[in-house]
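Participant: mind looking at a prediction? Sequence and model below.
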Amino acid sequence: MKKSIRYRLTLAFIGFAVFPLLLVGALLAWQSFANMQQEAVRLQQEVARSISVEASSFINSLENDLRMVVDINDIHMLTHPQQLDLLGALQAHQKAFVELTLLDGDGRERVRLSRLKTITSDDLCDRSKKDEFLITEKEAKTYYSPVWFDATTGEPFITIALPLKDLQKGQVDGVLVADVFLKKIWNLIAGLRTNPGEDIYIVDAQGRVIVHRNPSVVLRDTHFTLPEKAGFYSGLNSSSVVMAMDRVRFGDQVFAIVAEREANQALSLAIRTVWIVISLLLVVFVVAGGVGILTVRRIVHPIQELAKVARDIQAGELSKKASVSSDDEIGELATAFNNMTYQLSQTMESLQAEVAERKRAEKKLRRTVTDLERSNVELQQFAYVASHDLQEPLRMVSSYMQLLERRYKGKLDADADDFIEFAVDGAKRMQALINDLLTFSRVGTRGEPFKMTDCEDVLEQVLANLEVAISESGAVVTHDLLPTVAADASQLTQLFQNLIGNAIKFRGDESPRVHISTTKGTGIRDQRSEIRDRESETTNYELQTTNYELQTTNYEAWAFSVADNGIGIDPEFFDRIFVIFQRLHGRDEYSGTGIGLAVCKKIVERHGGRMWVESEPGKGSTFYFTIPAKGAERQ
């Protein structure tokens with residue numbers, strides 16, 4: 001779907017102006033909300049800590065009262081009536097003591113005083129197996145029992161036991177036991193002024209709720225698992241709350257003072273603040289959006305006008321002009337656009353004339369190419385037919401001239417014998433020229449399809465064909481490991497045979513030395529470079545050859561080089577030697593028709609490669625040719 005510039009500019013405005021504003025506002029709202037969450041947790045922690053201080057103060061005051069009786073009055077040294085009077089006075093002083101009991105050193109009750117019932121001597125029992133005696137007597141320190149509940153009333157109690165020490169014997173001589181009613185702490189929590197949705201309670205180490213402003217919560221033996229730290233959790237009533245705890249220890253007993261408040265109540269201010277911020281952001285968004293839309297419209301309308309004119313011009317109406325007349329950058333753009341349209345119309349007229357002229361030239365060129373291709377085919381066919389058809393009359397002339405030479409040689413004068421010899425020699429050379437011309441024409445017309453050909457096998461066949469010439473000249477032919485290529489095996493054989501045969505024919509004073517090597521590269525081209533020396537590993541002679549560079553074209557190729565130590569070639573004749581029937585030497589110096597290298601080049605070009613030579617007179621020659629790694633016959 002095509003998106004207009006209005007759409008893009010609107011998105012850009014939202015992305016670069018409105019979105020950052022919304023993001024900053026959202027971050028501020030979130031930060032404010034997070035701070036208020038932390039503040040709500042902190043407030044609940046303060047409430048829990050204040051209750052913890054009150055509860056600790058109450059329990060510590062009870063322990064201090066008991067310790068005063070034990071340490072100051074030496075209760076275990078008093079008579080039985082005195083002990084009753086002292087415990088009665090303590091019970092009257094501290095209403096929380098529901099029952100006070102004095103145990104002797106063996107754990108038997110000596111005195112027991114209760115608010116709930118009258119105790120007689122028959123009610124006294126042995127408590128030597130109870131924790132309040134065993135632990136206190138063993139550890140000689142204050143003992144606090146777990147919270148326990150009265151079987152009748154269901155109210156919570158805790159037992160405090162203090163050891164009575166005999167300073168002379170250094171051992172525990174009795175225990176003062178007090179059953180403490182926790183109703184005062186209960187009343188303390190119930191009388192607190194709390195915030196809406198706030199609840200305060202105490203949980204013991206077993207997870208039981210032992211103090212709550214609602215007695216039914218305690219009486220139904222409610223259990224609650226406390227989290228590790230303050231925060232937002234599911235509360236005692238399974239609602240979302242902000243909860244804080246403060247733990248207090250009395251002896252071995254640990255209690256948690258819990259202060260929780262419903263989350264929506266604790267965060268009411270934070271929620272209102274967030275809504276205010278959201279409202280402000282919406283107002284800013286609406287205002288900014290309106291300003292942005294107006295701004296975008298002022299920019300987009302002239303651009304849309306330009307776009308409309310551009311579409312008309314695209315449809316070919318070059319006379320159209322933009323009607324934007326503002327004095328800003330868009331107005332300048334419209335003026336430049338109109339000028340460009342005018343220049344474009346002028347250019348189009350000249351281009352149309354030029355295109356028409358080029359079409360006429362291309363049509364003429366195509367006719368010329370077609371004529372050349374037809375002429376080339378006809379010339380190739382003519383060369384083949386002519387060379388083939390000339391064989392018979394030339395053979396007849398040659399036969400009769402040889403017959404004249406045999407019958408009348410020596411019977412005529414010397415001039416006649418020379419004339420007959422010249423005629424026979426000319427006929428033989430004409431026969432050779434026709435055969436070579438036939439060979440040349442057959443390269444492109446009578447070649448075999450390409451197939452994978454091992455160059456090692458080809459070279460072996462060539463050396464066998466040239467065995468006599470190699471033996472007579474004393475030539476040494478060496479080679480690198482040759483590849484397998486896609487080629488016409490018979491033409492590849494002819495190529496190597498012509499090059500090695502030339503190296504043997506055009507030799508200097510030394511015995512011929514020929515070396516064939518290969519290199520694989522990407523797009524190997526014929527490019528001359530500086531001469532270098534290369535030493536053969538199989539012989540002890542030096543050949544001066546030339547490098548070739550690997551240039552990047554569009555195919556991979558094998559580059560072959562055939563280097564010799566012959567008479568060399570002058571660089572000015574490098575192109576001439578590949579032309580048919582071109583010779584650099586007279587027939588009395590070197591035999592041949594001058595067509596061998598032309599055939600070589602044509603074979604290489606048929607295989608899609610190139611051929612060139614590097615040489616200096618008297619320093620040998622190196623012929624290079626390339627064959628694509630993946631053979632493709634050139635049409």
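Facilitator: Perfect, I can see it now.

Participant: so what's residue 562 up against?
Facilitator: Residues near residue 562 by CB atoms under 8 Å, 6 or more residues apart in numbering: 496, 499-500, 503, 514-516, 622-623. For every residue, glycine as well, the C-beta is placed using N, CA and C.

Participant: that one in helix, strand or coil?
Facilitator: Recorded secondary structure, residue 562: strand (DSSP: H, G, I helix; E, B strand; the rest coil).

Participant: before we move on, what about residue 357?
Facilitator: Quick answer, by three-state DSSP: residue 357 is helix.

Participant: ok, it - how many residues close by?
Facilitator: Here the number of neighbours of residue 357 (other CB atoms under 10 Å) works out to 10.

Participant: and if you look at residue 83?
Facilitator: Counted with other CB under 10 Å, the neighbours of residue 83 add up to 21.

Participant: with residue 415 instead?
Facilitator: Residue 415, neighbours per other CB under 10 Å, totals 8.

Participant: just to revisit the earlier point, farthest pair within the contacts of residue 562?
Facilitator: 496 and 622 (14.4 Å; CB to CB).

Participant: one step back: helices - which of the contacts of residue 562 land there?
Facilitator: 496, 499-500, 503 (DSSP state H).

Participant: okay if I get the residues you listed as JSON lines plus distance to residue 455, neighbour count and pLDDT?
Facilitator: JSON lines is the format used below for the ones in helices among the contacts of residue 562 (distance: CB to CB, whole Å; neighbours: other CB atoms under 10 Å; pLDDT from 0 to 100):
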{"residue": "496", "distance to residue 455": "8", "neighbour count": "25", "pLDDT": "91"}
{"residue": "499", "distance to residue 455": "13", "neighbour count": "23", "pLDDT": "90"}
{"residue": "500", "distance to residue 455": "13", "neighbour count": "25", "pLDDT": "91"}
{"residue": "503", "distance to residue 455": "17", "neighbour count": "24", "pLDDT": "87"}
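
Participant: ok, so of these, who is nearest residue 341?
Facilitator: Looking across the ones in helices among the contacts of residue 562 and measuring by CB to CB, the closest to residue 341 is residue 499, at 65.7 Å.

Participant: hang on, isn't the closest one packed against residue 600?
Facilitator: Yes: between residue 499 and residue 600 there is a contact under CB atoms under 8 Å: 6.4 Å.

Participant: can you list residues touching both of the two?
Facilitator: Listed contacts common to residue 499 and residue 600 are residue 623; contacts here mean CB under 8 Å, 6+ apart.

Participant: can you mark which positions in stretch 124-143 are buried?
Facilitator: By 16 or more other CB atoms under 10 Å, the buried positions in stretch 124-143 come out as 127, 130, 132-137, 142-143.

Participant: could the residues you listed be laid out in a markdown table, adding secondary structure and distance to residue 158?
Facilitator: Below are these laid out as a markdown table (DSSP: H, G, I helix; E, B strand; the rest coil; distance: CB to CB, whole Å):
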| residue | secondary structure | distance to residue 158 |
| --- | --- | --- |
| 127 | coil | 17 |
| 130 | coil | 14 |
| 132 | helix | 11 |
| 133 | helix | 16 |
| 134 | helix | 17 |
| 135 | helix | 14 |
| 136 | helix | 14 |
| 137 | helix | 19 |
| 142 | coil | 12 |
| 143 | strand | 11 |
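
Participant: let's have these in a markdown table, adding pLDDT and distance to residue 23.
Facilitator: Formatted as a markdown table, the buried residues of stretch 124-143 follow (pLDDT from 0 to 100; distance: CB to CB, whole Å):
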| residue | pLDDT | distance to residue 23 |
| --- | --- | --- |
| 127 | 89 | 71 |
| 130 | 89 | 68 |
| 132 | 88 | 65 |
| 133 | 88 | 69 |
| 134 | 89 | 67 |
| 135 | 87 | 63 |
| 136 | 85 | 66 |
| 137 | 83 | 70 |
| 142 | 90 | 60 |
| 143 | 91 | 61 |
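
Participant: widest-spaced pair of the residues you listed?
Facilitator: 127 and 142 (16.8 Å).

Participant: would JSON lines of the ones in helices among the contacts of residue 562 with distance to residue 20 be doable?
Facilitator: Compiled in JSON lines, the ones in helices among the contacts of residue 562 are given as follows (distance: CB to CB, whole Å):
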{"residue": "496", "distance to residue 20": "78"}
{"residue": "499", "distance to residue 20": "78"}
{"residue": "500", "distance to residue 20": "82"}
{"residue": "503", "distance to residue 20": "82"}
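
Participant: mind checking how far the nearest residue to residue 22 once chain neighbours are set aside is from residue 462?
Facilitator: Once flanking residues are discounted, residue 22 sits nearest to residue 281: 6.0 Å by CB to CB, 6 or more residues apart in numbering. Distance, residue 281 to residue 462, using CB to CB, to the nearest Å: 91 Å.

Participant: before we move on, what about residue 213?
Facilitator: To residue 462, residue 213 is 117 Å away according to CB to CB.

Participant: what stretches of the stretch 151-300 of the chain score poorly on pLDDT?
Facilitator: Filtered on pLDDT under 70, the stretch 151-300 of the chain yields the residue ranges 167, 192, 292, 296-300.

Participant: please give the element, helix or strand, for residue 164.
Facilitator: strand 156-166 (DSSP states H and E).

Participant: same deal with residue 209?
Facilitator: strand 209-212.

Participant: please compute how far that strand lies from its chain's middle.
Facilitator: 60 Å (CA atoms, centre = their mean, to the nearest Å).

Participant: buried ones in the helix or strand just after that strand, by neighbour count?
Facilitator: Following strand 209-212 in sequence order, the next helix or strand is helix 215-219 (DSSP H and E). Residues of helix 215-219 classed as buried: 217-218 (neighbour count, 16+ other CB under 10 Å).

Participant: can I get the CA coordinates of helix 215-219 in CSV?
Facilitator: Provided in CSV are the C-alpha atoms of helix 215-219 (Å, rounded to 0.1, in the frame of the first residue of the first chain):
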residue,chain,number,x,y,z
PRO,A,215,-11.3,-12.0,68.4
SER,A,216,-12.9,-14.5,66.0
VAL,A,217,-9.8,-14.5,63.8
VAL,A,218,-7.8,-15.8,66.8
LEU,A,219,-10.5,-18.1,68.2
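
Participant: count of residues packed around residue 183?
Facilitator: By other CB under 10 Å, 17 other residues sit near residue 183.

Participant: surely it touches residue 154?
Facilitator: No: contact criterion CB under 8 Å: residue 183 and residue 154 do not qualify, at 12.0 Å.
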